[in-house]
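Participant: below is the structure, and that's it, no one-letter string:
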């Protein structure tokens, strides 16, 4: 079985594939101070809760945008699984032509998302990944990675309101029942939600026009489901897109 790990700035996702079947997956908080031993114990506990055999893992693939954690995860893989993990970056043979310059600036998660989106939904397509930053990745009809857009994530916007405006509280990010808030919390939630949906759709509208033709739009990441409910352009929410991409790339490299 294959263990895949997507290390983001805020969350880390893990998944276990038995062939093409995702047998289990988990989302954890990314803790940069967590040691390799702590990761190993955590992995063992997750496997036990899911009824999976820890020793059945025969390969590990990792996409990381947090370089300080790469050594920690490498050590965890070597000590607890006795495996050398495959770290995805622009130098790996993913089958995805990258036109972005320099190619080394493309995050591993964006490469992996693009590979999975082409495989599952076809090209041209746009992947919107709602993470710490929200990224929009454009793939043309030839299956080439063109580049995209990077914006602050909605959680960053919410945190900025709380930290920079003395009288504004920290609020839950949710879709309000009406756009005109009758209290401060409702007004903030409306601004965050509808403002962010407007940002997402404004960017998508222009990207689709620039790509031309019929463009598939796929969303992934923690708040993808929430924002997608108000979007005109997001067709599909795929919470495990990155994990699927890691599997596809590993299978290609392992052949």
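Facilitator: Now that the structure is in, tell me what you want to look at. Treat the numbers as computed from the prediction; the structure is a model and nothing was measured.
Participant: pLDDT wise, what is residue 157 at?
Facilitator: Listed pLDDT for residue 157 reads 89.
Participant: quick one: residues in contact with stretch 49-56.
Facilitator: 1, 16, 23-24, 43-44, 47-48, 81 (Cβ atoms under 8 Å, 6 or more residues apart in numbering). For the C-beta atoms, the positions are set from N, CA and C on the backbone; glycine is no exception.
Participant: what's the average pLDDT for it?
Facilitator: The model assigns stretch 49-56 a mean pLDDT of 92.
Participant: stretch 117-128 too?
Facilitator: The model assigns stretch 117-128 a mean pLDDT of 98.
Participant: ends of that stretch, what's the gap?
Facilitator: 11 Å (Cα to Cα, to the nearest Å).
Participant: okay, now residue 251: neighbour count?
Facilitator: 15 (other Cβ atoms under 10 Å).
Participant: so where does residue 150 fall, helix or strand?
Facilitator: strand 145-152 (DSSP states H and E).
Participant: what lies in contact with the following helix or strand past that strand?
Facilitator: As assigned by DSSP H and E, the chain's next helix or strand after strand 145-152 is helix 154-164. Under the contact criterion Cβ under 8 Å, 6+ apart, helix 154-164 has outside partners 10, 130, 132-134, 152, 168-171, 173, 188, 192, 195-196, 223, 227.
Participant: got a ChimeraX select line for the buried ones in those?
Facilitator: A single ChimeraX command suffices to select whichever of the contacts of helix 154-164 are buried according to 16 or more other Cβ atoms under 10 Å:
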select :130,132,133,134,168,171,173,188,192,196,223,227
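Participant: and the strand holding residue 150, what's buried?
Facilitator: Quick answer for strand 145-152 (16+ other Cβ under 10 Å): 145-149.
Participant: ok, so of these, who is nearest residue 124?
Facilitator: Ranked by distance to residue 124 (Cβ to Cβ), the buried residues of strand 145-152 are led by residue 146 at 9.1 Å.
Participant: quick one: contacts for the closest one?
Facilitator: 99-100, 138-140.
Participant: ok, it to residue 215 distance?
Facilitator: Using Cβ to Cβ, to the nearest Å, residue 146 is found at 12 Å from residue 215.
Participant: any shared contact partners between the two?
Facilitator: What both residue 146 and residue 215 touch, as defined by Cβ under 8 Å, 6+ apart, is an empty set.
Participant: what's around residue 73, how many residues?
Facilitator: 21.
Participant: roughly how far apart are it and residue 220?
Facilitator: Residue 73 is 21 Å from residue 220, by Cβ to Cβ.
Participant: and for residue 110?
Facilitator: Separation of residue 110 from residue 220 (Cβ to Cβ): 11 Å.
Participant: mutual contacts of the two, please.
Facilitator: Common neighbours of residue 110 and residue 220, using Cβ under 8 Å, 6+ apart, are 127, 129.
Participant: by mean pLDDT, point me to the weakest helix or strand of the chain.
Facilitator: Lowest on mean pLDDT, DSSP states H and E among the helices and strands of the chain sits helix 154-164, with a mean of 90.
Participant: just the angle for that helix relative to strand 145-152, thanks.
Facilitator: Angle of helix 154-164 versus strand 145-152, following axes from the mean of the first three to the mean of the last three Cα atoms, to 10 degrees, is 30 degrees.
Participant: from the middle of its chain, how far away would the helix or strand following helix 154-164 be?
Facilitator: For helix 154-164, the following helix or strand on the C-terminal side (DSSP H and E) is helix 184-211. Mean-position distance between helix 184-211 and its chain equals 19 Å (Cα atoms, centre = their mean, to the nearest Å).
Participant: swap in stretch 165-179?
Facilitator: On Cα atoms, centre = their mean, the centre of stretch 165-179 falls 25 Å from the chain's centre.
Participant: burial measure for residue 101, as a count.
Facilitator: 9.
Participant: tell me the contacts of residue 17?
Facilitator: Per Cβ under 8 Å, 6+ apart, neighbours of residue 17: 1-2, 4, 23, 243, 247.
Participant: list the buried residues for whichever strand or helix holds residue 60?
Facilitator: For residue 60, the element it lies in under DSSP H and E is strand 59-64. By 16+ other Cβ under 10 Å, the buried positions in strand 59-64 come out as 59-64.
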